[in-house]
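Trainee: Need a 3D model of the sequence below.
(one chain, ligands or ions: 1)
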Amino acid sequence: MPTAVIWFRDDLRLRDHPALQAAARAGFAPLPVYIHAPHEDGGWAPGATSNAWRHRSLAALDASLRQRGSRLHVFAGDSLATLQAIAAVTGAGAVYWSRRHEPAAARRDEAVRRALRAQRLRADAWNASLLFEPWQLETRAGDPFRVFTPFWNAARRAWSPQAPYPAPDALPEFDRLPGETALDALGLAPDIPWDASFWAHWTPGEAGADAALQAFIEHGLHDYRDGRDRPDRPLTSRLSPHLHFGEIAPWRIVDAVAHAGPVEERAAFVRELAWREFGVHVLHHFPQTPDANFNPRFDDFPWAAPDPALLAAWQRGRTGVPIVDAGLREMRATGWMHNRVRMVVASFLTKHLRLHWLHGARWFWDHLVDADLANNTLGWQWVAGTGVDAAPYFRIFNPVLQARKFDPAGEYIARWVPELRGLPAKARHAPWEVPSGSRPTGLYPARPIVDLAEGRASALEALKRIRVPV
Ligand code: FAD
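Mentor: Here you go, the predicted structure:
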């Protein structure tokens with residue numbers, strides 16, 4: 001049987017895997033390969049948290065392959081040269097992979113495809129991560145979408161449900177190949193286990209993704225529309241890292257929720273999945289946006305000079321604003337932050353502290369298990385007011401009102417800011433308003449690092465210095 005190399009990257013699963021399916025259809029024996037080349041494409045290199053997840057996800061993939069008689073063949077080095085060497089040694093007739101949509105990775109993949117084809121190898125890629133390829137939907141004028149709602153309407157018009165596809169039962173075994181290395185040798189898992197607290201919250205891999213989906217269908221979906229904004233309640237799916245690493249196909253998620261829960265709740269959830277698609281659409285069409293404002297008028301915005309002390313206070317969750325600190329500490333302890341709180345901490349950084357959104361985007365990139373170039377960029381530029389379909393810069397979240405509304409009993413704050421647990425629930429949102437005698441002792445800042453009213457006023461003043469239509 002001729003061999004097809006299956007080049008795994010962010011598609012770490014065996015079900016719903018178009019490249020594996022294509023190899024089977026063409027009568028190829030699939031040879032599963034992972035090549036560690038984090039800096040090769042010149043894009044944003046993965047952060048430490050992302051690497052820690054990847055290590056476990058690759059181990060889970062390897063275990064699933066072994067259950068079927070195969071295993072993951074791991075290499076480190078230049079992707080093209082490694083694929084060429086594997087093809088030469090195995091006599092493979094094809095190299096198949098799942099498309100990546102980050103601009104730098106997509107460019108690299110295209111170069112790999114051409115080089116392999118020039119050697120008369122079959123080199124093909126499939127969509128394994130999206131409901132719609134980023135080039136599939138366009139406005140009536142044939143342009144990319146810059147606003148989510150019309151994108152979503154076009155998506156619904158073009159919708160064609162895709163059925164889930166099972167994993168292969170058995171896979172062929174291959175001998176050890178020259179140059180193979182061990183997963184543990186890649187340095188993905190940290191030497192000092194700073195990530196130890198993560199794994200009570202997560203199970204990387206296909207089975208973990210499935211468990212998260214089932215738990216969400218049982219406990220979250222029925223109240224998703226209101227519940228999704230409540231960081232104190234576990235009502236969102238927490239599927240984002242599983243989706244990022246391709247441990248589950250979005251169409252499998254859509255299929256699973258299609259018959260579960262009330263129709264309005266299902267629709268609200270699928271709409272959020274479409275935001276993820278919108279992020280990839282925007283990144284594909286505006287590849288400069290991870291590093292540059294989508295709206296160039298903000299190029300002249302007077303961002304504050306980065307004050308290392310202020311930035312460090314934000315990063316470490318020591319701003320003295322409890323909901324902000326809770327979010328940043330949740331992220332450091334679990335690798336994830338609730339979406340509502342992501343918006344609040346991002347608004348605080350870019351507006352109250354008036355620091356450039358890239359400071360926050362980079363911090364998130366290093367600390368999120370779901371760090372994703374498309375969605376991190378979309379989220380940060382949205383909150384900062386610099387992006388497509390963005391919240392205008394003058395909409396400044398009041399972190400105290402946000403906390404009162406979405407964490408009414410201060411439970412989320414108490415979970416992540418233990419210094420405030422001794423305060424009555426209502427006082428946790430703004431502890432500086434509590435008479436000083438009854439304030440918690442301990443090291444929590446007595447006042448916010450910036451006066452909230454002054455920070456807001458100064459942000460609005462700065463906005464007047466650039467011409468942005470409102
Ligand atoms: P659910 O509410 O269960 O949603 C289901 C899925 O829909 C998510 O897993 C995600 O894939 C998608 N989704 C939900 N909300 C959004 C959204 N606002 N934008 C895009 N996709 C969405 N998401 C990432 O996956 N990676 C990031 O790096 C990232 N960075 C962000 C940065 C900022 C400043 C902000 C405001 C948002 C960011 N998001 C990012 C989007 C969102 O916060 C997360 O996708 C969401 O919190 C994941 O939790 P969940 O899986 O429980 O979401």
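
Trainee: Show me what from the stretch 351-470 of the chain comes close to the ligand.
Mentor: With Cβ under 6 Å from any ligand atom as the criterion, the stretch 351-470 of the chain meets the ligand at residues Phe364, Leu368, Asp370, Ala371, Asp372, Asn375, Asn376, Leu378, Gly379, Trp380, Val383. Where C-beta positions appear, they are placed from N, C-alpha and C, glycine not excepted.

Trainee: Now name the helix or strand holding the third one.
Mentor: The one in question is Asp370. Secondary structure assigned from DSSP states H and E places Asp370 in neither a helix nor a strand.

Trainee: which residues sit in contact with it?
Mentor: Ser240, Pro241, Leu243, His244, Gly335, Trp336 (Cβ atoms under 8 Å, 6 or more residues apart in numbering).

Trainee: what secondary structure does the last one sit in?
Mentor: In other words, Trp336. Secondary structure state of Trp336, per DSSP: H, G, I helix; E, B strand; the rest coil, is coil.

Trainee: For it, which non-adjacent residue is spatially closest?
Mentor: Val369 (5.7 Å; Cβ to Cβ, 6 or more residues apart in numbering).

Trainee: okay, now the one you found: neighbour count?
Mentor: Val369 has 25 neighbouring residues, counting by other Cβ atoms under 10 Å.

Trainee: got the contact list for it?
Mentor: Thr49, Ser50, Ala52, Trp53, Phe198, Trp202, Ser240, Pro241, His244, Thr334, Gly335, Trp336.

Trainee: what's the average pLDDT for the helix or strand the fourth one falls within?
Mentor: Using DSSP H and E, the element containing Trp53 is helix 48-67. Summarised as a single mean, pLDDT over helix 48-67 is 98.

Trainee: buried residues in it?
Mentor: Using 16 or more other Cβ atoms under 10 Å as the test for burial, helix 48-67 gives 49-62, 64-65.

Trainee: before we move on, what about stretch 378-396?
Mentor: 378-391, 393, 396.

Trainee: Output it as CSV, nothing but the C-alphas.
Mentor: The C-alpha coordinates for stretch 378-396 follow below in CSV (Å, rounded to 0.1, in the frame of the first residue of the first chain):
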residue,chain,number,x,y,z
LEU,A,378,-10.2,40.5,16.8
GLY,A,379,-10.9,40.8,20.6
TRP,A,380,-8.2,43.3,21.4
GLN,A,381,-8.9,45.6,18.4
TRP,A,382,-12.6,45.3,19.1
VAL,A,383,-12.3,46.5,22.7
ALA,A,384,-9.7,49.1,21.8
GLY,A,385,-11.9,50.6,19.2
THR,A,386,-9.3,50.2,16.5
GLY,A,387,-10.6,47.2,14.7
VAL,A,388,-13.3,46.0,12.3
ASP,A,389,-16.9,46.3,13.7
ALA,A,390,-15.3,47.6,16.9
ALA,A,391,-16.8,49.0,20.0
PRO,A,392,-16.2,52.8,19.6
TYR,A,393,-13.2,54.0,21.7
PHE,A,394,-15.5,56.3,23.6
ARG,A,395,-17.5,53.3,25.0
ILE,A,396,-15.5,52.8,28.2
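
Trainee: What lies in contact with the helix or strand harbouring Pro32?
Mentor: Using DSSP H and E, Pro32 sits in strand 29-36. Strand 29-36 is contacted from outside by 1-9, 20, 23-24, 58, 61, 65, 70-77, 79, 82-83, 86, 90, 92, 168, 171-172, 174, 183, 186, 188, using Cβ under 8 Å, 6+ apart.
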